[in-house]
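Undergrad: next input, structure requested:
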Amino acid sequence: MLKYEEPALTKTKIVATVGPASDDRDSLRKLILAGVDVFRLNFAHGQHETLVDVIGSIRNLAEELQTPVAILGDLAGPKIRLGQLPKEGIDLRQGERFSFVKELAEYQEKTLTTTYPGFVDDLAEGNRVLLADGVVSMKVVEKQADRIICEVEQPGRLFSRQGVNLPGSKLQLASLTEKDLLDLAFALKHQLDFISLSFVRTAKDVRELRQRIQDAEPGYRPMIVSKIEKPEAVDDLKNILAETDVVMVARGDLGVELLPEQVPVAQSQLIDIAKSKFKPVIVATQMLESMINNARPTRAEVTDIAHAVTLGTDAVMLSAETAAGNFPVEAVEMMDRIARQTESYLWKTGAYGDDKRNIDSSSNTVWNVIANATSNMSKQLSAHAVLVISQSGVSAATMSSARPAAPILAITSSPDVCRKISLLWGVIPVLDEETGSINPNDLARRVAKEQGLADTGDFVLLIRGFHSDPDLNTPTITTICV
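TA: Numbers count the residues shown, from 1 in each chain. Below is the predicted model:
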């Protein structure tokens, strides 16, 4: 039987969305114990009053369980939705024609509207309109001053507030809506660790969010997660990576905007490019969709998660599975088991510690060389751990990107940094107030023993000195006998 011994710790991190099925304290505790590293708060649905209690519970539980757990606030972004339709929905038949108008007081037969005021103005003849996650499709066949006329290509049933996608259309939508700005202020007030930006199109969108954060002067800096779900973002990915802290392969809308057969290739390319730029990447959407209603996943879902782990994603994310599903804890436990088994196979076959990434020539070569040297040394010396002293998180992120075989213990005296690095592949965050005040070698020996990763006589590696400013880089690698 092809079974490999599961490692004690999962290198691939788990992001879980909080919702009605999981927002009570007992459920949150169970999810943390099941393996959640980051909780996602979806501002498209949650109310601030409820989220305040959720944030408090997560922070209290993390302290009580002595487990660093980060919180991600997900801005809804300029999602276009259908206007009001009859409660029972409407059926669209192939070849039928429907009009989209700018305003509609109440539903009229074969007349539709959307939440985007510029919908009629921005579209042109030949543009495609996808509805209900791409189940229904139309094509613009005529444009008039106050309306566009579309012909149904793929029939189906529509309901109020379903999503609208416009692949190939150039829209004048702002990247941040008025609601997003209110949610951003809430996220900054409660010092969420990550803020994700939906429907990113270009690097300019990321810069705008970062400027908004700087202007607010929150006293801390949340990390920005850019959700890649538009073809324009795929085209501008390298520039986006230069501006963002993390990327998310958001396969929901991306799977609608692209042809279905293009999504797996896009996912692989996005992960590969993000890794080459030393940026963490999250794979999201429909990973265990069937577990919303069933206690066991499909074989295809299991294979999908294993494939993402094999590609080297930093984290995998659950959405409705934990927010509204019947088996939120079981879904996290299943995802954790899949990741462990896949990682065990990768360990046995020697996939870790051998750098096969296509490193971009513009990447910092010192970071690349030192991190990969440490990774290879950890394998050749059978080191029990790689320890990183990191005050900003840069050293931890750099070492994580090299994918060493040994666990990465990232030691920091900053609670803020400790939470943020919990998203990084293979990183075990360690909060230690003595960081910087005692001999680094002694600190490494003590922490390795306390974490149960090394005994007297075992070898560990200590790496430190990476800095976000290349001129201040003083990286060193030390081999330590515990």
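Undergrad: can you list the domains in the chain?
TA: If you go by automatic domain parsing, the domain ranges for the chain are 13-77+175-348, 90-165, 365-481.
Undergrad: of all those, which one is nearest residue 84?
TA: domain 90-165 (5.3 Å; C-beta to C-beta). No exception for glycine: its C-beta is placed from N, CA and C like everyone else's.
Undergrad: how about the domains of the chain in JSON lines, adding mean pLDDT?
TA: Below are those laid out as JSON lines (pLDDT from 0 to 100):
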{"stretch": "domain 13-77+175-348", "mean pLDDT": "95"}
{"stretch": "domain 90-165", "mean pLDDT": "93"}
{"stretch": "domain 365-481", "mean pLDDT": "85"}
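Undergrad: which strand residues bridge the closest residue to residue 194 other than its chain neighbours?
TA: Nearest non-adjacent residue to residue 194, counting by C-beta to C-beta, 6 or more residues apart in numbering: residue 72, 4.0 Å away. Applying DSSP bridges to residue 72 yields these beta-bridge partners: residue 40, residue 194.
Undergrad: can you confirm residue 274 is in a helix?
TA: Yes: assessed with DSSP: H, G, I helix; E, B strand; the rest coil, residue 274 lies in a helix.
Undergrad: now it, nearest residue through space, not along the chain?
TA: Distances taken as C-beta to C-beta, 6+ apart place residue 281 nearest to residue 274, at 4.1 Å, with adjacent residues excluded.
Undergrad: could you report the neighbour count for the one you found?
TA: Neighbours of residue 281 under the rule other C-beta atoms under 10 Å: 27.
Undergrad: okay, and the residue positioned nearest the centre of the chain sits in which element?
TA: For the chain, the residue sitting closest to the mean C-alpha position, by C-alpha atoms, centre = their mean, is residue 282 at 3.4 Å. If you go by DSSP states H and E, residue 282 is part of strand 281-284.
Undergrad: pull up the gap between the residue nearest to the centre of the chain and residue 456, please.
TA: Distance of residue 282 to residue 456, computed by C-beta to C-beta, to the nearest Å: 38 Å.
Undergrad: again, but for residue 465
TA: Residue 465 is 27 Å from residue 456, by C-beta to C-beta.
Undergrad: between the two, point out the one with more neighbours.
TA: residue 465 (17 against 8).
Undergrad: touching, that one and residue 395? I think so.
TA: Yes: checked against C-beta atoms under 8 Å, the pair residue 465 and residue 395 is within contact range at 7.2 Å.
Undergrad: can you name the helix or strand that the residue nearest to residue 377 when sequence neighbours are not counted falls in?
TA: Take residue 377 and drop its neighbours on the chain: the residue closest to it by C-beta to C-beta, 6+ apart is residue 461, 6.1 Å away. Assessed by DSSP H and E, residue 461 sits inside strand 459-464.
Undergrad: so how far is that strand off the chain centroid?
TA: Relative to the centre of its chain, strand 459-464 is centred 29 Å away, using C-alpha atoms, centre = their mean, to the nearest Å.
Undergrad: and for stretch 312-329?
TA: That offset, for stretch 312-329, works out to 11 Å (C-alpha atoms, centre = their mean).
Undergrad: buried stuff in that stretch?
TA: Within stretch 312-329, the residues that qualify as buried by neighbour count (16 or more other C-beta atoms under 10 Å) are 312-323, 325, 327-329.
Undergrad: quick one: terminal-to-terminal distance for it?
TA: By C-alpha to C-alpha, to the nearest Å, the extent of stretch 312-329 from end to end equals 24 Å.
Undergrad: the chain should start at 57 in everything you say after this.
TA: Sure, I'll start counting at 57 from here, so that last one is stretch 368-385.
Undergrad: tell me the contacts of residue 198?
TA: Residue 198 makes contacts with 181, 204, 205, as judged by C-beta atoms under 8 Å, 6 or more residues apart in numbering.
Undergrad: my guess is the last one contacts residue 195, does it?
TA: Right, the one you point to is residue 205. No: at 10.0 Å, residue 205 does not count as touching residue 195 under the criterion of C-beta under 8 Å.
Undergrad: residue 118 sits in which helix or strand?
TA: Assigned by DSSP H and E, residue 118 belongs to helix 104-121.
Undergrad: send me that helix as PDB with only the CA atoms.
TA: What follows is helix 104-121 as a C-alpha-only set of coordinates in PDB (Å, rounded to 0.1, in the frame of the first residue of the first chain):
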ATOM      1  CA  HIS A 104     -18.800  44.600  12.100                       C
ATOM      2  CA  GLU A 105     -20.700  44.100  15.300                       C
ATOM      3  CA  THR A 106     -20.400  40.300  15.000                       C
ATOM      4  CA  LEU A 107     -16.800  40.400  13.800                       C
ATOM      5  CA  VAL A 108     -15.700  42.300  16.900                       C
ATOM      6  CA  ASP A 109     -16.600  39.300  19.000                       C
ATOM      7  CA  VAL A 110     -15.000  36.800  16.600                       C
ATOM      8  CA  ILE A 111     -11.700  38.800  16.600                       C
ATOM      9  CA  GLY A 112     -11.700  38.800  20.400                       C
ATOM     10  CA  SER A 113     -12.400  35.100  20.600                       C
ATOM     11  CA  ILE A 114      -9.600  34.300  18.100                       C
ATOM     12  CA  ARG A 115      -7.000  36.400  19.900                       C
ATOM     13  CA  ASN A 116      -8.000  35.000  23.300                       C
ATOM     14  CA  LEU A 117      -7.900  31.400  22.100                       C
ATOM     15  CA  ALA A 118      -4.600  31.900  20.400                       C
ATOM     16  CA  GLU A 119      -3.100  33.200  23.700                       C
ATOM     17  CA  GLU A 120      -4.800  30.500  25.700                       C
ATOM     18  CA  LEU A 121      -3.600  27.700  23.400                       C
END
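Undergrad: just checking, what packs against that helix?
TA: helix 81-90, strand 94-98, strand 126-130, helix 234-245 (3 or more C-beta pairs under 8 Å, 6 or more residues apart in numbering; DSSP states H and E).
Undergrad: contact partners for the residue nearest to the centre of the chain?
TA: Residue 338 makes contact with 71, 281, 302, 303, 304, 305, 369, 370, 371, 372, 373, 479, according to C-beta under 8 Å, 6+ apart.
Undergrad: am I right that the fourth one sits in a strand?
TA: Yes: under three-state DSSP, residue 303 falls within a strand.
Undergrad: give me the beta-bridge partners of it?
TA: Judged by DSSP bridges, the bridge partners of residue 303 are residue 282, residue 337.
Undergrad: so it makes contact with residue 326?
TA: Yes: in this structure, residue 303 is within contact of residue 326 by C-beta under 8 Å, at 6.7 Å.
Undergrad: for this structure, longest helix please?
TA: helix 384-404 (DSSP state H).
Undergrad: give me the contacts around it.
TA: Residues from elsewhere that reach helix 384-404 (C-beta under 8 Å, 6+ apart): 59-63, 66-68, 70, 72, 77-78, 83, 86-87, 90-92, 343-344, 347, 351-353, 358, 361-362, 365-366, 372, 374, 377-378, 381, 408, 461.
Undergrad: one step back: how many other residues sit next to the residue nearest to residue 433?
TA: Other residues lying near residue 517 total 25 when counted by other C-beta under 10 Å.
Undergrad: again, but for residue 353
TA: 23.
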